[in-house]
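Q: sequence unavailable; structure follows:
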């Protein structure tokens, strides 16, 4: 691979492994059991947790343990081309992959027949909305006092032509030169260090993918620190008296 | 959740007892609004967007503009569509799924208040008569429901519309650019109406109810009010909600309240919308 990559400088001047500026806050929706905001550059996610509460309809209940249900949605004005409100095929798939990403974090054994609802809304999008949603949701679950086995932190690693970069924004996602853009959203669990979300759109070699995961791990460790710091600031974590 | 909401009797009795003594749980007077907070720029991809809070109730509103075709009966006018999402994020009383009657009613009341007041100059939203006009999308999303979503959403709506800028548009290529121009959405400042909602709880009229007050109210009357040009209120839209009825005394009381609350709220609302 002697050929040089056509992506030599990031559009916003960031270093290859540099995350966008992050803001995280817990307790933003007072009526919820848990809530959090996670902002990465111009992408912002709000997550709210309601439950555990009885799951309806009854036939969906699991007598063994509680159910995690995720609902992700982009606000119609979150992107330049207005999105019609309501669920789409895309949002329904994202619901499912986020459920799978977060399920290993929580222990719902004590809540049979119940549901823990996670609502994720994206008011402003600049790529990486599902990973921002996961970061906010993990914080909101902890804030709601749901029994946590570990935290979840997520980031999208990208490959622009031949260059690997961390935390892809929209301009990068649309990069078309050379080999174009490859987007790899992934989620790392804090205790097991295993991967609970892994998707890829584009083309990549197995060696490069290894590098992607290792860059993702480093970024997620940084994100975890910010999530933890925001949770420590929260005054009203359910089940914990301060 | 389905069917009527169950409200604990004890809670209901306590609220009624308080209201009877002209008191409220949060220490407000019967005709006192909660503190209002406005934040602009919730989305940098919108033509305008804002968050509005009355106490703990929070609503987002965003405006998007798209070239579209005119309606057959108004060939030289832009079009307007309001949609509201009572997000299950904002309350345990709201379910997932297509908009239900509460959300539809909210959107329609806000839509009428704005349309009928003449706030938007639809003639100026005509690009080519009979062929192309701007379509204005107003989208409302509830973030936290602690009562009076109607007035919070109503204020968010006029703030978002009042501050919207037109996207860059090239008439020759017929393309909308990915940026905003310096031109404001054509609005008639003097026509601005905002909604004030009155609730009747055990015969007493209150403004800006919290959720627990709203849940036990018998009657809701939403009134959109503009300036008549002479410093007096002019009603531009109304909606009575819930099973309770309006007596002559109620109406007199509400009209009185409109007069004096409007005087107090109009300068505040103007400041939120126009920044001065």
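A: Cool, got the structure. Computed from a predicted structure; not experimentally measured.
Q: going by C-alpha atoms from here, please, whenever you check contacts or count neighbours.
A: Fine.
Q: so, low pLDDT: which residues of the chain?
A: Reading this off chain A. For chain A, the stretches flagged by pLDDT under 70 are A:1-2, A:240-242.
Q: sorry, I should have been clearer: chain B.
A: Checking chain B against pLDDT under 70 turns up B:1-4.
Q: which stretches in it count as helices?
A: In chain B, the helices defined using DSSP state H lie at B:9-20, B:101-117, B:149-162, B:211-216, B:248-274.
Q: contact residues of chain A facing chain B?
A: Residues of chain A lying near chain B by CA under 8 Å from any CA of the partner chain: A:29-32, A:42, A:47-50, A:75-80, A:82, A:86, A:119-120, A:123-125.
Q: where do the helices sit along chain A?
A: When secondary structure is read from DSSP H, chain A shows helices at A:89-102, A:129-143, A:170-173, A:206-233.
Q: quick one: the second one to helix A:206-233, angle?
A: Think helix A:129-143. Between the axis of helix A:129-143 and that of helix A:206-233 there is an angle of 40 degrees, by axes from the mean of the first three to the mean of the last three CA atoms, to 10 degrees.
Q: tilt between helix A:129-143 and helix A:89-102?
A: Angle between the axes of helix A:129-143 and helix A:89-102 is 40 degrees (criterion: the same axes, to 10 degrees).
Q: now the last one
A: Helix A:206-233 runs at 80 degrees relative to helix A:89-102, counting by the same axes, to 10 degrees.
Q: buried sites along helix A:206-233?
A: Taking 16 or more other CA atoms under 10 Å in any protein chain shown as the basis for neighbour counts, the residues of helix A:206-233 that come out buried are A:209, A:212-213, A:215-217, A:219-221, A:223-224, A:226-227, A:230-231.
Q: then stretch A:178-192?
A: Going by neighbour count (16+ other CA under 10 Å), the buried part of stretch A:178-192 is A:179-190.
Q: just the terminal-to-terminal distance for stretch B:69-80.
A: One end of stretch B:69-80 sits 12 Å from the other (CA to CA, to the nearest Å).
Q: same deal with stretch B:71-86?
A: Taking CA to CA, stretch B:71-86 runs 28 Å from one end to the other.
Q: name the nearest residue to residue A:111, sequence neighbours excluded.
A: Once its chain neighbours are removed from consideration, residue A:111 has its nearest residue in residue A:66; the separation is 4.7 Å (CA to CA, 6 or more residues apart in numbering or on different chains).
Q: any idea how many residues pack against the one you found?
A: Counted by other CA atoms under 10 Å in any protein chain shown, the residues lying close to residue A:66 total 22.
Q: that one contacts residue A:108, doesn't it?
A: Yes: Residue A:66 is in contact with residue A:108 according to CA atoms under 8 Å; the separation is 4.8 Å.
Q: neighbours around the closest residue to residue B:273 other than its chain neighbours, how many?
A: The spatially closest residue to residue B:273, leaving aside those adjacent along the chain, is residue B:159, at 4.6 Å (CA to CA, 6+ apart). Here the number of neighbours of residue B:159 (other CA under 10 Å) works out to 29.
Q: cool, and residue B:115?
A: By other CA under 10 Å, the residues close to residue B:115 number 19.
Q: would you map the strands across chain A?
A: For chain A, the strands defined by DSSP state E occupy A:22-26, A:34-40, A:43-54, A:67-74, A:114-124, A:152-160, A:163-166, A:181-189, A:195-198.
Q: what do you get for chain B?
A: Ranges of strands within chain B are B:36-40, B:48-54, B:57-68, B:79-85, B:126-128, B:132-144, B:165-170, B:175-184, B:194-201, B:204-207, B:219-227, B:233-241, based on DSSP E.
Q: list the neighbours of the fifth one that are in contact with it.
A: With CA atoms under 8 Å, 6 or more residues apart in numbering or on different chains as the contact definition, strand B:126-128 has outside contacts at B:76-78, B:132-134.
Q: stretch B:60-69 and chain A, are they touching?
A: Yes: against chain A, stretch B:60-69 shows contacts by CA under 8 Å from any CA at B:62-64.
Q: go on, stretch B:202-215?
A: No: figure legend: stretch B:202-215 not in contact with chain A (CA under 8 Å from any CA); closest approach 10.3 Å.
Q: between the two ends of that stretch, how far is it?
A: 12 Å.
Q: which residues belonging to it are considered buried?
A: Buried residues in stretch B:202-215, counted by 16+ other CA under 10 Å: B:202-211, B:213-214.
Q: as a markdown table, those residues with distance to residue A:129 would be great.
A: Formatted as a markdown table, those follow (distance: CA to CA, whole Å):
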| residue | distance to residue A:129 |
| --- | --- |
| B:202 | 47 |
| B:203 | 48 |
| B:204 | 47 |
| B:205 | 44 |
| B:206 | 41 |
| B:207 | 38 |
| B:208 | 35 |
| B:209 | 35 |
| B:210 | 33 |
| B:211 | 31 |
| B:213 | 37 |
| B:214 | 35 |
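Q: and of those residues, the nearest to chain A?
A: Distance to chain A, by CA to the nearest CA, is smallest for residue B:211 among the buried residues of stretch B:202-215, at 10.3 Å.
Q: pull up the gap between the spatially closest residue to that closest one that is not a sequence neighbour and chain A, please.
A: Take residue B:211 and drop its neighbours on the chain: the residue closest to it by CA to CA, 6+ apart is residue B:147, 3.8 Å away. Computed as CA to the nearest CA, to the nearest Å, the residue B:147 to chain A distance reads 11 Å.
Q: equivalent analysis for residue B:117, please.
A: Between residue B:117 and chain A the distance is 25 Å, computed by CA to the nearest CA.
Q: select, out of the helices of chain B, the one closest to residue A:11.
A: For the helices of chain B, proximity to residue A:11 was assessed by CA to CA; helix B:149-162 is nearest, at 30.4 Å.
Q: so what does that closest one touch, helix or strand wise?
A: Applying 3 or more CA pairs under 8 Å, 6 or more residues apart in numbering or on different chains; DSSP states H and E, one finds that helix B:149-162 makes contact with strand B:48-54, strand B:57-68, helix B:101-117, strand B:132-144, strand B:194-201, helix B:248-274.
Q: so that helix versus strand B:194-201, what angle?
A: Interaxial angle of helix B:149-162 relative to strand B:194-201 (the same axes, to 10 degrees): 180 degrees.
Q: which residue packs closest to the residue in the stretch 101-250 of chain B that chain A sits nearest to, ignoring adjacent ones?
A: With CA to the nearest CA as the measure, the residue in the stretch 101-250 of chain B that lies nearest chain A is residue B:144; the distance is 5.8 Å. Sequence neighbours aside, residue B:90 is the residue nearest to residue B:144 in space, at 3.9 Å (criterion: CA to CA, 6+ apart).
Q: so which residues on chain B come close to chain A?
A: Counting by CA under 8 Å from any CA, chain B comes close to chain A at B:42-46, B:56, B:62-64, B:88-92, B:97-98, B:139, B:141, B:143-146, B:178.
Q: and the gap between the spatially most central residue of chain B and residue B:208?
A: Nearest to the mean C-alpha position of chain B, by CA atoms, centre = their mean, lies residue B:154 at 1.2 Å. Spatial separation of residue B:154 from residue B:208 under the definition CA to CA is 12 Å.
Q: excluding its backbone neighbours, what's nearest residue 18?
A: Going with chain A. Nearest residue to residue A:18 in three dimensions, chain neighbours excluded: residue A:166, at 6.3 Å (CA to CA, 6+ apart).
Q: hmm, I had chain B in mind actually
A: residue B:24 (5.8 Å).
Q: no further questions, thank you.
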